[in-house]
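S.K.: would you be able to build a 3D model of this:
(one chain, ligands or ions: 2)
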Amino acid sequence: MASIKRKKKKGRARLSFTDLVSTGPGTLAGRYMRMFWHPVYRAEDLAPGKAKPIRIMSEDFTLYRGTGGTPHVVAFRCAHRGTQLSAGWVEGDCIRCMYHGWLYDSTGQCLEQPAEQESFAKKISIRSYATQEYLGLIFAYLGEGKAPPFPRYLHFEREGGLEVLPVQVWPCNFFQRVDNNGDTFHVPFVHRGAYLSSDIRSGLPAISKEETPWGTTGYAAFPGGWTNVLQFVMPNAYTFRNPAPDKDIPWDDRFQWDVPLDDQHSLQFRLRLVPLTGEAARQYRERRAALLAEERFSIVDAGQAVLTGKLNFEDLEKLTNDKISLIHAQDYVSQAGQGVIADRSQEHLGRSDAGIILFRKIWERELRALAEGRPLKKWALPQTAGPEFVLGTTDKASRT
Ligand code: FES
Ligand SMILES: [Fe+2]
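M.R.: Numbers count the residues shown, from 1 in each chain. Ligands and ions are numbered 1, 2, ... in the order given. The predicted model follows:
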């Protein structure tokens, strides 16, 4: 992998490109990322009394949901002879290993060792991790020490039709996805065949981006009248308002997290909140469910078919009626198309890339501070930061 060549200034840590995008245990970016809560699973995909193996930032864990419904994350392996705990049985809020029946509670404390004549269970424990279900996702804090306060996003708690989209695994480093938050000029090109209203496909936008208490705010004023405001929430989430694909809804709000599975794969967690309440929201959910039930479209498979030359980029539009998936498949082609870990030594950034450059500067500044033991910026949550947190506007209601 290429490394960014820097002259080492006195007392300054030397950061390689790998330091900025690798998130395994002990890595610099991994230490930084582990200071935050991350979504690790879609809540509806985990039934009560079931356990799953999960991999986040190159580490394996056991996720299970107690029979009463509470999710828990504990170590991947049993402390006895190391088999995978996710193959075991959930009992209440405990999990029992399938190999010799050791039982652990949700704090990781071993409670039973059925085959031992004199149990030494109280001396045995495995790691457990703070876990929280919220907005249809299961979040975990995978870092050291006490978990920071759980972040709530009040703009997504308001009444509306909340859609928790299926989680996808993309075969590329998470930073490529995060980088794209600053890449506004891709919209009129990558998504030109998508539903996005004529406002947002009307030509090249005027852009600006600034650092905010929660990360960055990017503005993109399209000639058609729509101003897209993208709020990036450190370290790997973004939220924005988009024209909606449905004729009867002017816009919807999005929230997306890009979580490293390992350095070569990232997990996509995506929420949509449509501005409907009560019966209208219920009917909307039914329509969406019916549409998705008849779809056989795989974003990853379709995107991969384009990247391997089996399909043309324009073919994507013919393969799905789900406009949300189409947009994502188009993004897949551009971002997975940069390679598994994009080689930034080969890039040629221009003025239109100012948003990307700003974000990378912030990222590098914080990681350098961590490497050198200096204080890090304490990021606020968007809704506590004041009226400058907005999600987007349009002066014209023109739709296609
Ligand atoms: S390996 Fe888990 S009980 Fe033996
Ligand atoms: Fe996009």
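
S.K.: contacts, neighbours, all on C-alpha from now
M.R.: Will do.

S.K.: now do the same for residue 360: helix, strand or coil?
M.R.: When classified by DSSP: H, G, I helix; E, B strand; the rest coil, residue 360 comes out as helix.

S.K.: now it. Nearest residue, chain neighbours left out?
M.R.: Leaving aside its sequence neighbours, residue 360 sits nearest to residue 179 (C-alpha to C-alpha, 6 or more residues apart in numbering; 7.8 Å).

S.K.: list the contacts for that neighbour?
M.R.: 356, 359, 360 (C-alpha atoms under 8 Å, 6 or more residues apart in numbering).

S.K.: how about a cut-off of 10 Å?
M.R.: Contact partners of residue 179, counting by C-alpha atoms under 10 Å, 6 or more residues apart in numbering, are 236, 335, 355, 356, 357, 359, 360.

S.K.: please apply the same query to residue 361.
M.R.: By C-alpha under 10 Å, 6+ apart, the neighbours of residue 361 are 355, 367.

S.K.: beta partners for the most centrally placed residue in the chain?
M.R.: Compute the mean C-alpha point of the chain, and by C-alpha atoms, centre = their mean the closest residue is residue 257, 2.0 Å away. Judged by DSSP bridges, the bridge partners of residue 257 are residue 237, residue 269.

S.K.: helix/strand/coil for residue 356?
M.R.: helix.

S.K.: surely it and residue 185 touch.
M.R.: No - contact criterion C-alpha atoms under 10 Å: residue 356 and residue 185 do not qualify, at 11.0 Å.

S.K.: name the element residue 349 belongs to?
M.R.: Under DSSP states H and E, no helix or strand contains residue 349.

S.K.: show the contacting residues for it.
M.R.: With contact taken as C-alpha under 10 Å, 6+ apart, residue 349 is in contact with 356, 357.

S.K.: per-residue confidence at it?
M.R.: On the pLDDT scale, residue 349 is placed at 93.

S.K.: coming back round to it: contacting residues around the residue nearest to the centre of the chain?
M.R.: Contacts of residue 257 by C-alpha under 10 Å, 6+ apart are 38-40, 174, 177-178, 232-233, 235-239, 266-271.

S.K.: now this protein, which segments are flagged as low pLDDT?
M.R.: For the chain, the stretches flagged by pLDDT under 70 are 1-11, 195, 197-199, 383-389, 392-400.

S.K.: change it to 80
M.R.: Applying pLDDT under 80 to the chain flags the ranges 1-14, 193-203, 224-226, 247-248, 382-400.

S.K.: got the residues of it near ligand 1?
M.R.: 78, 80, 81, 82, 83, 97, 99, 100, 101, 102 (C-alpha under 6 Å from any ligand atom).
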